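[1] everything below, folded, please.
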Amino acid sequence: MARYTGPKSKIARKFKEPIFGPDKALEKKNYPPGQHGAGKKRAKQSEYAVQLMEKQKAKYTYGILEKQFARTFDRAARSHGITGEVLLQLIESRLDNVVYRMGIAPTRRAARQLVSHAHITVNGSVVNIASYTLKPGDVVAVREKSKSLEVITGSLSTAVNKHPWIDFDKHSMSGKFISRPERSQIPENIKEQLIVELYSK
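    Residues are numbered from 1 along each chain as shown. I've put the predicted structure just below:
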């Protein structure tokens with residue numbers, strides 16, 4: 001499965017946001033990476049550059065590569081509703097993201113690995129496709145023989161389910177995907193309208 005495996009701190013510094021979680025490097029160097037550091041005079045970004053940057057930030061945040069992101073946007077554009085909001089709703093409905101939101105995994109990258117290694121079930125059947133799109137009412141659970149995995153128990157011990165579109169029970173390690181989230185319920189700092197404008201060119 002293709003995925004980004006490069007340096008995470010450089011990407012976080014590029015966007016000036018901890019998109020992969022808490023990052024000490026970002027705290028120490030809160031400026032973009034580059035040879036001349038903080039003192040470098042940077043040219044004003046064009047409208048296209050700003051839009052492209054926002055798309056890149058969304059891709060890195062959710063761990064989605066270019067072709068898959070473009071397919072998801074195309075699906076959102078053909079759906080009813082506001083394209084940018086539908087785009088984020090579709091991404092939030094991915095199995096790897098929901099596993100992360102439930103607290104089963106500490107990061108989206110770890111959630112993707114749990115899914116691809118067949119530790120997660122949907123409606124009682126093992127699903128090992130991270131991009132699998134959940135429908136309202138689907139039940140996501142940890143496979144019985146995987147419930148003792150340290151990465152899962154460790155993550156659940158500190159997780160707090162604060163997402164109203166997900167109902168999760170730590171004891172049974174299973175939960176229900178109630179509905180697609182409203183835009184106001186998605187905490188990521190992404191300006192989806194800029195992404196729509198980029199693809200509309």
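
[2] for this protein, which segments count as strands?
    Applying DSSP state E to the chain gives strands spanning 120-122, 125-126, 139-142, 166-169, 174-177.

[3] need the ones you listed in CSV (columns: mean neighbour count).
    (Each C-beta comes from the backbone N, C-alpha and C, glycine too.) As requested, these are exported to CSV (neighbours: other CB atoms under 10 Å):
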stretch, mean neighbour count
strand 120-122, 21
strand 125-126, 9
strand 139-142, 21
strand 166-169, 17
strand 174-177, 20
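
[4] distance to Thr83 and mean pLDDT added to those strands, as TSV?
    Output for the strands of the chain, formatted as TSV (distance: least, CB to CB, whole Å; pLDDT from 0 to 100):
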stretch	distance to Thr83	mean pLDDT
strand 120-122	27	98
strand 125-126	32	98
strand 139-142	27	98
strand 166-169	24	95
strand 174-177	22	97
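
[5] contact partners of stretch 122-138?
    1, 64, 68, 90, 93-96, 98, 111-112, 115-118, 120-121, 139-141, 143, 176-180 (CB atoms under 8 Å, 6 or more residues apart in numbering).

[6] scratch that, stretch 173-182
    Contacts of stretch 173-182 (CB under 8 Å, 6+ apart): 89-90, 92-93, 98, 102, 104, 134-142, 147, 152, 156, 161, 163-169.
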